[in-house]
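**Q** Give me a model of this one.
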Amino acid sequence: MADTSDTRTPAQIEADIRRRREVLAETLDEIGVRVHPRTIVGDAKAKVVANVDHTLGRAYVGVNRAVSDVKARFVDEEGAPRMERIVPVALVVVGVVGLLALGSRRRKS
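**A** Below you'll find the model as predicted:
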């Protein structure tokens, strides 16, 4: 059978009750802060910002990789342009622009 006698003095018991009340008050204050609408909105905003930052970071890495791949196709290791690849692409671009210009002239006429 467990000993149920308390060997603490009334002053010790009162001090213990005071400490427990303070801890409980701190806990309730913390809960109040956590469930306050401003805190909830702030937390939601922080999550959105973190997700956007993560998404933008991934997009930046993807674009940077794509630009590096394109650059590698048109520039050699020393940084000199690869004319054998640039000239055909330039001719195609000039042809497409020319066709678009002719098409817009015909529509205006």
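**Q** quick one: buried residues of the lengthiest helix in the chain?
**A** Longest helix of the chain, by residue count under DSSP state H: helix 37-74. The neighbour-count check on helix 37-74 (16 or more other CB atoms under 10 Å) flags nothing as buried. Where C-beta positions appear, they are placed from N, C-alpha and C, glycine not excepted.
**Q** And the very next helix or strand once past it, what does it pack against?
**A** Sequence-wise, the next helix or strand downstream of helix 37-74 (DSSP states H and E) is helix 83-108. Helix 83-108 makes packing contacts with helix 37-74 when contacts are defined by 3 or more CB pairs under 8 Å, 6 or more residues apart in numbering; DSSP states H and E.
**Q** what's the angle between the helix it packs on and helix 83-108?
**A** Angle between the axes of helix 37-74 and helix 83-108 is 110 degrees (criterion: axes from the mean of the first three to the mean of the last three CA atoms, to 10 degrees).
**Q** Can you find the helix or strand in this protein with the smallest mean pLDDT?
**A** helix 83-108 (a mean of 89; mean pLDDT, DSSP states H and E).
**Q** May I see the buried residues of that one?
**A** Counting neighbours, the buried set in helix 83-108 is empty (16+ other CB under 10 Å).
**Q** No further questions, thank you.
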